[in-house]
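In: Output the structure for:
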Amino acid sequence: VGWILTRLSDESDGYGLFKTVDGGKSWKICIDRWKLGLEYVAEDMVIVSGGPYYLSKSTDGGITWVDITPSERVSGYNSLNFVGSDTGIYVVTYSSSSGTKFNRTFDGGRTWRNGIFAEFAYISEIGYIDNQNGYFIAHRTSDGAKVICKTDDAFDTWTVVYESQYRVHSCHFFNSDSCI
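Out: Next up is the predicted model:
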C-alpha cells in the first residue's frame, strides 16, 4: 500500500490524497480537499491535515473518513506525527512572543490535550519515537537559535540537545540516541 499527497492541477490550490495497492502502477483518489500534511500510520490507517484547521482519519484504507480536528481550532498547521494508532501530536504555526501551540492525543484523536512551547516561536518538525520519547526542531524566541529538543515524557517537558545559529532543516530520530 502506498499513499501520495499531490496538487490536483497546476491551476488549482487543492490537493488530492491518492492510494496505490499495486506498487504504484495505478492510483485511486481517496480525498480531494486543501491538504497540507499526510501521516501514514498503518496499512489501512492514514491521517491528513490541512488549513486552516482540519484533521481527518481513515482506518479502512481511505474509503471512509472521520473528522478528528481538535476542538480548539488554531489556524496554521505546521507538523503532525503519530506513533501507532493512538498517540499523536499536532503543531500549529503560532509565531509570536507567546510561543507555539500544540495538541496531543492518546486515543487516536477522539480527545486532545492542548499545550504550548512557550520559548519557541516556530516548530518546523516534530516526531514521536515511541509513546513517551520524541523530538522537535524549533527557533528559540529569546535569541533566535535553531535547536533540536528531545522529550521523554510525551512533550510535557523537553531538553535542548543541539543548538546552532543556522537553520536545521530536518532530522529523524530512530531511537532516543540515533538521529539522521
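
In: Please state the offset of the least confident helix or strand in the chain by mean pLDDT from the chain centre?
Out: Using mean pLDDT, DSSP states H and E, strand 37-42 stands out as the lowest-scoring helix or strand of the chain, at a mean of 74. Distance of strand 37-42 from its chain centroid, counting by C-alpha atoms, centre = their mean, to the nearest Å, is 9 Å.

In: and it, which residues are buried?
Out: Residues 37, 38, 39, 41 are the ones in strand 37-42 that count as buried (16 or more other C-beta atoms under 10 Å). For every residue, glycine as well, the C-beta is placed using N, CA and C.

In: Run a quick neighbour tally on the closest residue to the last one other than its chain neighbours.
Out: Translated: residue 41. Nearest residue to residue 41 in three dimensions, chain neighbours excluded: residue 82, at 5.0 Å (C-beta to C-beta, 6 or more residues apart in numbering). Residues near residue 82, counting by other C-beta atoms under 10 Å, number 23.

In: Kindly report the same for the one 4 residues further on.
Out: Residue 86 is surrounded by 14 other residues when neighbours are defined as other C-beta under 10 Å.

In: likewise residue 126?
Out: Residues near residue 126, counting by other C-beta under 10 Å, number 23.

In: Would you agree it is in contact with residue 120?
Out: No. The criterion here is C-beta atoms under 8 Å, and residue 126 misses it with residue 120 at 10.7 Å.

In: Report the next helix or strand after the longest strand anywhere in the chain in sequence order.
Out: Assignment by DSSP state E gives strand 120-128 as the longest strand of the chain. Using DSSP states H and E, the next helix or strand after strand 120-128 towards the C-terminus is strand 134-140.

In: What's the first helix or strand after that next one?
Out: Taking DSSP H and E, what comes next after strand 134-140 is strand 146-151.
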